[in-house]
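A.B. asks: Let me see the structure of the following:
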Amino acid sequence: MQATSIQAYRNLKGLGERQQQVLEALEGIYPATNRQVSVESGIPINVVTPRMGELVTKGRVEQAYKSDDNGRTAIYWRPVRELIQERLFGDTY
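C.D. replies: Sure thing, here's the model as predicted:
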């Protein structure tokens with residue numbers, strides 16, 4: 001089996017297709033709000049918001065901070081630090 005196949009399986013393990021798409025969009029622009037992830041990914045906000053909640057529950061995403069976004073208080077999300085390290089280096093320390 002190719003190393004890239006193993007890495008892809010490890011990254012997708014336990015995530016649905018939309019969860020993976022939301023996570024990948026967030027990884028490209030974090031910290032970001034649900035609205036920003038929606039714009040980045042092209043996934044409707046009413047799909048992004050529940051997927052983000054699921055990713056938080058799974059320990060894949062965490063709150064970075066709260067701040068103003070278009071006149072409303074919004075949560076800015078970031079991928080969990082260990083996830084970032086795993087994607088960059090292939091393991092956690």
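A.B. asks: Now for the residue positioned nearest the centre of the chain: which residues touch it?
C.D. replies: Centroid check for the chain by C-alpha atoms, centre = their mean gives L23 as the closest residue, at 2.5 Å. L23 makes contact with 15, 55, 60-61, 79, according to C-beta atoms under 8 Å, 6 or more residues apart in numbering. Placement of C-beta: from N, CA and C, glycine included.
A.B. asks: Would you format those residues as TSV with pLDDT, secondary structure and distance to T73 included?
C.D. replies: Listed next are the contacts of L23 as TSV, based on pLDDT from 0 to 100; DSSP: H, G, I helix; E, B strand; the rest coil; distance: C-beta to C-beta, whole Å:
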residue	pLDDT	secondary structure	distance to T73
L15	92	coil	28
L55	97	helix	20
R60	94	coil	23
V61	96	strand	18
P79	94	strand	22
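A.B. asks: export these to CSV and tack on neighbour count and distance to R72?
C.D. replies: Below are the contacts of L23 laid out as CSV (neighbours: other C-beta atoms under 10 Å; distance: C-beta to C-beta, whole Å):
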residue, neighbour count, distance to R72
L15, 17, 28
L55, 22, 21
R60, 20, 25
V61, 25, 20
P79, 21, 23
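A.B. asks: Y30: which of those is nearest?
C.D. replies: P79 (6.1 Å; C-beta to C-beta).
A.B. asks: Hmm, that closest one is touching K58, no?
C.D. replies: No. The pair P79 / K58 is not scored as a contact, 11.5 Å apart, by C-beta atoms under 8 Å.
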